[in-house]
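Enquirer: Predicted model, plus sequence, below.
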Amino acid sequence: MKMIYISCNVSTTQIIADILEASGVSEYQITDNVASRIFTGKHRMNTAVWPGYNNIILTQISEERKASEIISRLKQYNSSVQNTDELISVCSWTIDDYFND
C-alpha cells in the first residue's frame, strides 16, 4: 500500500484532483492554504512579498501497480506544464496499516 503526497499551487488543485479521479481514485484528502518554500517557481507564503499558497493532496492506494500508474500520470502532468509556478511536487512511501472501521 502506498501513500502519495502531492503539493500543488491552489490554482491547480482541481486539475490534480481530476487526474486522480480519472485514475479511479475516489478517496483523497486536501489540506488547504499551506505556506510553501519550493524548489521550482516562486515561494508561496501567502504574504505581500510571496503571495499565493499551496494545497496538499494525500491519497492512499492499495495496489502498487495503480500507485505507479498515478505517479506516472502526475509526472506526465509536470512535463506538460508551461508555467513553473504550476509544477507539482510528489512523493510516495509505503504504509503498513490503513483502516477506516
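Expert: Noted; the coordinates are in hand.
Enquirer: List the buried residues for the single longest helix found in the chain?
Expert: Determined from DSSP state H, the single longest helix within the chain is helix 64-80. Residues of helix 64-80 classed as buried by neighbour count (16 or more other C-beta atoms under 10 Å): A67, I70, I71, L74, Y77. From N, CA and C alone the C-beta is placed, and that goes for glycine too.
Enquirer: What's the separation between the nearest residue to the second one once chain neighbours are set aside and N33?
Expert: In other words, I70. Spatial nearest neighbour of I70, excluding adjacent residues (C-beta to C-beta, 6 or more residues apart in numbering): S23 at 5.0 Å. Remark: distance between S23 and N33 (C-beta to C-beta, to the nearest Å) = 25 Å.
Enquirer: of the two, who's got more company?
Expert: S23 (18 against 10; other C-beta atoms under 10 Å).
Enquirer: what sits against that one?
Expert: Contacts for S23 (C-beta atoms under 8 Å, 6 or more residues apart in numbering) come out as K66, E69, I70, R73.
Enquirer: what does Q76 give?
Expert: So Q76 contacts nothing (C-beta under 8 Å, 6+ apart).
Enquirer: Where does the prediction get shaky in this structure?
Expert: Scanning the chain for pLDDT under 70 picks out the ranges 40-41.
Enquirer: Spell out the residue ranges of the strands in it.
Expert: 2-9, 29-34, 54-61, 89-94 (DSSP state E).
Enquirer: Adding distance to I19, write those strands out as TSV.
Expert: As requested, these are exported to TSV (distance: least, C-beta to C-beta, whole Å):
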stretch	distance to I19
strand 2-9	9
strand 29-34	13
strand 54-61	10
strand 89-94	11
